[in-house]
Every structure is written in structure tokens, then in C-alpha cells.
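Enquirer: Below are the sequence and a predicted model; questions follow.
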Amino acid sequence: MAKKKYNAFYAQSGGVTAVINATACGVIETARASKNIGKVYAGKNGIIGALREELIDTSKESKKDIAGLKFTPSGAFGSCRHKLKSIEENKAEYERLIEVFKAHDIRYFFYNGGGDSQDTAHKVSQLSETMGYPITCIGIPKTVDNDLPITDNCPGFGSVAKYVAVSIREAAFDVKSMAETSTKVFVMEVMGRHAGWIAAAGGLACEKEGDAPHIILFPEIAFNKEKFLKKVDRTVKKFGYCAIVVSEGTAYKDGTFLADAGTVDAFGHKQLGGVAPEVANMIKDELGYKYHWAVSDYLQRAARHIASATDVDQAYAMGKAAVEFADAGKNAVMPTIVRKNTKKYSWTVGEAKLADVANVEKMMPRSYITRDGFGITEECRQYLQPLIQGESYPPYKNGLPQYVELKNELVKKKLKTKFKI
């Protein structure tokens, strides 16, 4: 008699990336070959898809379209910013998850996200045991912020890093060519609330003295207005222009963000908006230089056309490893990227306990930032450089990249009760 196969639930969480669908591809392709896993259901718009019993049947998608996810940006099944509270605060949500999983014969839960997501997967693994319906919970790393602990780096970051480094280099060529009679200062805002990894990546474009960016503002370094303006002025006088990369989380010594919008998001984080114009106006008011500014915003994390091949490979590998971990009977763990100690960059798959990953942020080491606080060190460059290596272009047609759009057919609901979120 054949061993019974149980279904799996996969959800994408939080801000999407250029390569999160490559992870989905890794999960689904590997699960289809598994002897233990039946169908893979994906949550429509992330975890809320489970709470609402809106499950997408990925078995309805062709082999070709699933493979095409590897070249498609954003979240193919939809994502959300919905953080499940602690079990003590809102046990009903966790009980609802178990109820839905039980109704659809789901025994495997793959949660693709950052620290909050790993926390949720860990809690579900604990509660499912106490409720008598054990579920294998595997977290899968994903965040452009690169701030998950234990793993060397996070899928999604390498491609954003490549985009930022390329963008500041190209913009700087533009500014430099017009600086004599026009713009002398260019400010580019990038993501990064508490950790400056993305801003640091801009520093890869600076390969010799005078190259942009001339200044990087990190969340890890308290902003000193006087020191900053002196640096801008010196740079313009020396090179004719100044290109700046600023992290959205740049803050003063007392912790006040330069661009605090005064509101919070669904995770309770302060909404940050417009640090680039804040910095640019500061320069205009104090130094009188003509400026331009740009906010990378969603462009930096959606730019699949310029994704890092290393990032794509690692994103797929994390999805594949997650299923292999589940098949091996592992639970409450997350696959990680382990950098090998070799002359030529190489990496392998490791693992971490979800309890050790949940809600822990990895900041940039001080040794990665220059003494003056405005640039990256050689040590940082050696860490970052391999992560942006290689090109992985999507297929093109009529001059545009061709991306997959799935059918996303929902499974018939089995529960009578609806759940309000």
C-alpha cells in the first residue's frame, strides 16, 4: 500500500523581490518530485490566503509556467503585510490556520519571508503540536534588506544591490556631464530602515577616487548635519559634483529619522518617506547648490531585468532546500546560505533554527563602514562584490521582458465559517 501524501502550503510574505518567484519555483518543482508531498497550495496574497481559505492550486499550472517563475519578478501568488500577533494575544488566528490546514490535508507549511515570517512559522510549529495536528514548518529566507541573522546573505538582496550600484553609477555619469552649468548634487534614496546593506551596495560603483557615490548615509551612523554639509561642499569643489546614496532609515543621534512620516505600517514600523528631498533641500538651503533627487522605491526590488545571477541561483536553492528539509523530517528550521572560505567565491546550503532567526535584525558591522562614516571599506566590498555577480536575463519579446502570469485557480472551500482579518 502506497504511503499517504500530504499537501503543502506555501506563502509569500512582506515586500516582494526580483527573485522571490525563483524561490517559489524551487519549492514547487522540488515538491512535485517528492514522495511525501501531494499538492502545493499557495496562499492568495500570502498568509491571509490561509486565514480566508483562499488557496491557489499550483498543480493547475503548467511545467513551463512554473519554470518561468524563475525569470518573473514580484509575488506570483500575491503577498501581504499582515503580522500574526503572539499566540497569547490572538490565538484565534493560529487556530484558524490549523483549521484550514486540517480541512485541506495540509501537513507542510513553507513561509517565504523575513524575520516576522520566520517568527510566525516557528509559532505555528509549536501550536500545531499542542493542538494534536502536527505541521512541518520550514521558513525560507527572503528580504531585500539583507538583515536576517545566521544566513550569510538573503535572497532578494543581491539583485537590489546590483540595481543600486548600476543606477548610481549611471546617474553620476549624467550629473558629471552637466555639472559645470547645471546640477551639482544628486541624491538617490534607497530602502533600509535599520540596516544599511542596500545603501552600502551603492559603494560598489566607487572603484577609484572621484567615482560616485561620494557620500553614503547609513542607518547605523548617526547623521551629523554640519559634518555632512562640509563633506558635500568639499566634494563639489574637488570633483565638480557630488553624488549621494541615502538610506531611508538615516537618523539623528537621538534616533529621530530624517524622514519620519508620522504613521506606522501593518507591522507597527514607522512609515518613512522622502529622505532624499529632505537631504537635497538641506544642501540647497545651506550651500545653494542646484540639486536633483530620486527615490528608487519599488523599482529597486522589481528590477528582474538586471537581477544578479548569484541571487537567482540562491533564491531557487533556498526553495529547493526547504522541501528537501521537510522530506528529511526536519521541522522549525530555515535553510541558509553559507559562504565557503575559498579564494574564489562559493557557497553551500546550511540551516538555522527558526527560534534563532525570528525577529532578529542583522546590522552592518562597523568595520564595513569607513572611519568618517560616509563610505564602505575594502572588507565590505569583499563581502558585497560576489553577491551582484553574473547576469540572468529574462526572455525578451518586442523589446520587453516576458514574464509569467499564472492562472491562480482557487481550491473549493471546505469550511462554512468565514474569518475576518
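Expert: Thanks, I have it. These numbers come from a predicted model, not from an experiment.
Enquirer: quick one: residue 54 from residue 155, how far?
Expert: 25 Å (Cβ to Cβ, to the nearest Å). For the C-beta atoms, the positions are set from N, CA and C on the backbone; glycine is no exception.
Enquirer: and if you look at residue 280?
Expert: Using Cβ to Cβ, we find residue 280 at a distance of 32 Å from residue 155.
Enquirer: okay, the two: which has more neighbours?
Expert: Neighbours around residue 280 and residue 155, counted as other Cβ atoms under 10 Å, are more numerous at residue 155. The numbers are 33 against 23.
Enquirer: can I assume the more buried one sits in a strand?
Expert: No - using DSSP: H, G, I helix; E, B strand; the rest coil, the assignment for residue 155 is coil, not a strand.
Enquirer: How confident was the prediction at it?
Expert: Taken from the predicted model, the pLDDT recorded for residue 155 is 98.
Enquirer: Please apply the same query to residue 260.
Expert: You'll see residue 260 listed with a pLDDT of 74.
Enquirer: what's the answer for the one 10 residues further on, then?
Expert: At residue 270, the model reports a pLDDT of 57.
Enquirer: Please, where are all the helices along the protein?
Expert: With DSSP state H as the definition, the chain shows helices at residue ranges 20-32, 47-51, 63-68, 91-103, 115-130, 157-178, 197-202, 225-239, 275-287, 297-302, 309-327, 354-357, 378-384.
Enquirer: Run through who's touching the last one.
Expert: So that's helix 378-384. Helix 378-384 has contacts (Cβ atoms under 8 Å, 6 or more residues apart in numbering) with 161, 200, 201, 203, 204, 364, 367, 368, 369, 376.
Enquirer: what's the most distant pair in the residues you listed?
Expert: With distances taken as Cβ to Cβ, the most widely separated pair in these is 161 and 367, at 18.5 Å.
Enquirer: neighbour-wise, which of those two wins?
Expert: Using other Cβ under 10 Å as the criterion, residue 161 and residue 367 rank with residue 161 on top: 29 against 9.
Enquirer: re earlier: which ChimeraX command selects the buried ones in the contacts of helix 378-384?
Expert: Provided next is the ChimeraX selection string for whichever of the contacts of helix 378-384 are buried by 16 or more other Cβ atoms under 10 Å:
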select :161,200,201,203,204,364,368,369,376
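Enquirer: Looking at the contacts of helix 378-384, which are in strands?
Expert: The members of the contacts of helix 378-384 all map outside strands under DSSP state E.
Enquirer: Adding pLDDT as columns, could you present the contacts of helix 378-384 in CSV?
Expert: Formatted as CSV, the entries for those read as follows, by pLDDT from 0 to 100:
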residue, pLDDT
161, 98
200, 98
201, 98
203, 98
204, 98
364, 97
367, 98
368, 98
369, 98
376, 98
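Enquirer: of all the contacts of helix 378-384, which comes closest to residue 237?
Expert: The shortest distance between residue 237 and any of these, using Cβ to Cβ, involves residue 203 and amounts to 21.8 Å.
Enquirer: Enumerate every residue touching the closest one.
Expert: If you count contacts by Cβ under 8 Å, 6+ apart, residue 203 has them with 165, 213, 216, 245, 375, 376, 380, 381, 384.
Enquirer: right, and the fifth one touches residue 205 too?
Expert: No - when contacts are counted by Cβ atoms under 8 Å, residue 375 is not listed as touching residue 205 (11.3 Å).
Enquirer: Which per-residue confidence value corresponds to residue 1?
Expert: On the pLDDT scale, residue 1 is placed at 61.
Enquirer: roughly how far is stretch 30-41 from the heart of the chain?
Expert: Taking the mean C-alpha point of stretch 30-41 and that of its whole chain, the gap between them comes to 26 Å (Cα atoms, centre = their mean, to the nearest Å).
Enquirer: Can I get that stretch in CSV, CA atoms only?
Expert: As requested, the backbone C-alpha atoms of stretch 30-41 are provided in CSV (Å, rounded to 0.1, in the frame of the first residue of the first chain):
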residue,chain,number,x,y,z
THR,A,30,11.0,20.0,-5.9
ALA,A,31,7.7,19.2,-4.2
ARG,A,32,6.3,17.8,-7.5
ALA,A,33,9.1,15.2,-7.3
SER,A,34,8.6,14.5,-3.6
LYS,A,35,7.4,11.1,-2.4
ASN,A,36,5.8,12.7,0.7
ILE,A,37,4.1,15.8,-0.6
GLY,A,38,0.9,15.8,-2.6
LYS,A,39,-0.3,19.2,-4.0
VAL,A,40,1.3,22.5,-3.2
TYR,A,41,-1.3,25.2,-2.3
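Enquirer: quick one: buried residues of that stretch?
Expert: Buried residues in stretch 30-41, counting neighbours by 16+ other Cβ under 10 Å, are found at 30, 31, 34, 36, 37, 38, 39, 40, 41.
Enquirer: Which among the helices of the chain is found nearest to residue 189?
Expert: Going by Cβ to Cβ, the one of the helices of the chain nearest residue 189 is helix 275-287, 3.6 Å.
Enquirer: Show me what the closest one is packed up against.
Expert: If contacts are counted by 3 or more Cβ pairs under 8 Å, 6 or more residues apart in numbering; DSSP states H and E, helix 275-287 sits against strand 185-190, helix 225-239, strand 242-247, strand 291-295.
Enquirer: tell me the centre residue of this structure?
Expert: Centroid-nearest residue in the chain, with Cα atoms, centre = their mean: residue 143, separated by 2.1 Å.
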